[in-house]
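Trainee: Test case, fold it:
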Amino acid sequence: MVTSRADADELMPVTVDGIDTEWDERQPSVLLVEDDAGDALLVEELVADSALKMRLRWVRSMAEAADVLATERPDCVLLDLHLPDASGLEAVSLVKAHADRVAIVVLTGLAEEQTGLAAVTAGAQDYLVKGRVEPELFGRAVRYAIQRKQAEQSAVALQASLMQAQENARLERGLLPRPLLRADGVQVVARYRPGRAQALLGGDFYDIVQSADGTVHAVVGDVSGHGPDEAALGVALRIAWRTLVLSGITGVEQVARLEEILVAERARDEVFATLVSLSAVPGEQRATVVRAGHHGLLRRGVREVDWVEVPGGPALGLIPGGARWPTAELPVPPGASVVLFTDGLFEGHVSRGPQRLGEEGLLELAREAAGLAPDEFVDRLIGEAEGLAEEQGGLADDVAVVHVSWN
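Mentor: All right, here's what the predicted structure looks like:
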């Protein structure tokens with residue numbers, strides 16, 4: 001039976017015969033907030049006679065309820081609307097403030113049905129009129145209240161998930177541009193793969209633009225970290241890069257401007273970005289490359305592939321205003337292509353152990369696929385890297401790849 005103690009230290013099991021037993025954790029837990037001992041006794045009898053077995057705990061005031069809700073989360077709160085320290089809809093608001101995920105069933109008097117309806121409007125899941133409740137109705141009301149609250153929470157989570165998916169889609173559209181090519185003779189294959197933590201967007205980005213004089217410009221970059229802030233920063237840098245190219249600003253000056261934008265837009269001082277930017281004139285057997293903290297690239301010939309690391313400078317944002325980036329010339333023989341990519345392509349694991357694919361492993365995969373067409377070559381690289389990492393859930397990081405040829 002419910003005792004008359006002002007506070008209850010433990011959840012009290014209630015069985016049909018009133019004997020305490022070991023708790024079945026699958027039984028719903030109910031917190032009764034009721035200052036009247038007689039009404040509390042009626043509730044205990046309803047619990048005992050109900051087909052729905054539950055764990056019951058009784059407190060006499062909202063202050064005691066707040067103490068319980070601070071450390072525990074019952075499935076349902078049975079709430080009297082006439083407490084010594086809270087009354088009416090205020091009591092409902094206080095319970096919701098302390099435990100918004102808990103179902104609430106309000107207990108009202110015979111002449112207070114309108115108050116019960118108002119409580120439901122204010123956020124309670126149901127109301128019961130004292131003295132007019134049968135055990136079966138009581139158990140059903142508690143069960144349905146818990147289910148309705150769970151349905152509400154699921155609906156809220158689904159809506160949040162849909163909104164996040166929409167935001168991610170908008171960010172991904174910004175990260176995945178349509179190449180801006182003005183003439184034939186330039187072949188581009190671009191791919192982007194999100195990492196296995198699909199809700200955690202990364203800041204990988206790429207772009208390809210052919211300026212009015214025919215020069216082909218390509219960039220691949222990676223903002224450190226994952227999440228919407230990093231993805232948004234990646235979008236900002238990509239759009240800024242395209243704008244600078246179309247404005248005629250390239251090379252070292254372009255990279256310096258991008259660092260200014262990163263420093264101004266980043267959410268935290270420790271955020272940085274790596275990138276490699278390439279410019280080439282169709283027909284010429286060379287490309288101009290600026291590398292900022294980024295790893296090397298692949299130069300793909302007719303039957304062979306090389307890993308190339310041209311001289312470079314630090315990542316953007318590491319030494320704001322003090323960094324220097326050299327401009328390097330990369331020989332590109334007739335029929336050869338250049339492949340730019342982010343490190344997610346080679347940092348995946350190749351087994352259940354700590355071993356990663358690495359630069360040498362990626363180069364080996366590229367050489368095995370050297371004779372394939374450009375789109376097949378890129379897809380083979382990504383597919384093989386994903387396959388090797390499958391035992392550990394796939395590639396953890398995002399992957400951006402740009403395969404470009406112009407002669």
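
Trainee: element containing V402?
Mentor: If you go by DSSP states H and E, V402 is part of strand 399-405.

Trainee: Could you name the helices and strands sitting against that strand?
Mentor: If contacts are counted by 3 or more Cβ pairs under 8 Å, 6 or more residues apart in numbering; DSSP states H and E, strand 399-405 sits against strand 187-193, strand 202-210, strand 216-226, strand 337-341, helix 374-388. Heads up, the C-betas are built off the backbone N, CA and C, glycines and all.

Trainee: contacts for the shortest one?
Mentor: What that stands for is strand 337-341. Strand 337-341 has contacts (Cβ atoms under 8 Å, 6 or more residues apart in numbering) with 187, 206, 218-220, 276, 278, 280, 287, 297-300, 330, 332, 366, 374, 378, 399-405.

Trainee: all helices of the stretch 1-150 of the chain, in order?
Mentor: Secondary structure of the stretch 1-150 of the chain (DSSP state H, counting those that start in this stretch): helices located at 37-49, 62-71, 89-98, 113-121, 135-175.

Trainee: Okay, buried residues for the second one please.
Mentor: To tie it back to what came earlier, the one meant is helix 62-71. Across helix 62-71, burial judged by 16 or more other Cβ atoms under 10 Å covers M62, E64, A65, A66, V68, L69.

Trainee: Same list (these) but as CSV, adding pLDDT and distance to D39.
Mentor: CSV is the format used below for the buried residues of helix 62-71 (pLDDT from 0 to 100; distance: Cβ to Cβ, whole Å):
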residue, pLDDT, distance to D39
M62, 93, 16
E64, 93, 16
A65, 93, 15
A66, 93, 20
V68, 92, 18
L69, 92, 20
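
Trainee: Out of these, which comes closest to M54?
Mentor: Checking the buried residues of helix 62-71 against M54 with Cβ to Cβ, the nearest one is V68 at 15.6 Å.

Trainee: what's near enough to touch that closest one?
Mentor: By Cβ under 8 Å, 6+ apart, V68 lies in contact with L31, R57, V59, P74.

Trainee: Mind telling me the two of the residues you listed farthest from one another?
Mentor: Among the contacts of V68, V59 and P74 lie farthest apart (Cβ to Cβ), at 10.8 Å.

Trainee: Quick check: neighbours shared by those two?
Mentor: Jointly contacting V59 and P74 under the rule Cβ under 8 Å, 6+ apart are L31, V68.

Trainee: thought L79 was touching V105?
Mentor: Yes - with contacts counted by Cβ atoms under 8 Å, L79 reaches V105, the gap being 7.0 Å.

Trainee: Spit out the residues that contact those two alike.
Mentor: By Cβ under 8 Å, 6+ apart, L79 and V105 have these common neighbours: A124.

Trainee: in stretch 352-371, what's buried?
Mentor: R356, L357, E359, G361, L362, L363, L365, A366, R367, A369.

Trainee: Start and end of it, how far apart?
Mentor: 31 Å (Cα to Cα, to the nearest Å).

Trainee: what's in contact with that stretch?
Mentor: Under Cβ under 8 Å, 6+ apart, the answer for stretch 352-371 is 295-296, 298, 300-301, 303-307, 339, 345-350, 376-377, 380-381, 384-385, 388-389, 391-392.

Trainee: how near is the closest residue to R300 other than its chain neighbours to E72?
Mentor: Excluding the flanking residues, the one nearest R300 by Cβ to Cβ, 6 or more residues apart in numbering is S337, at 4.6 Å. Look at S337 and E72: by Cβ to Cβ, to the nearest Å, they are 63 Å apart.

Trainee: now swap in A97 and tell me
Mentor: The gap separating A97 from E72 is 16 Å, by Cβ to Cβ.

Trainee: More neighbours: the two, which one.
Mentor: E72 (13 against 10; other Cβ atoms under 10 Å).

Trainee: Contacts only, for the more buried one.
Mentor: The contact partners of E72, by Cβ under 8 Å, 6+ apart, come to S29.

Trainee: Redo the buried residues of helix 62-71 as a markdown table? Include distance to E45.
Mentor: Listed next are the buried residues of helix 62-71 as a markdown table, based on distance: Cβ to Cβ, whole Å:
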| residue | distance to E45 |
| --- | --- |
| M62 | 24 |
| E64 | 22 |
| A65 | 21 |
| A66 | 27 |
| V68 | 22 |
| L69 | 25 |
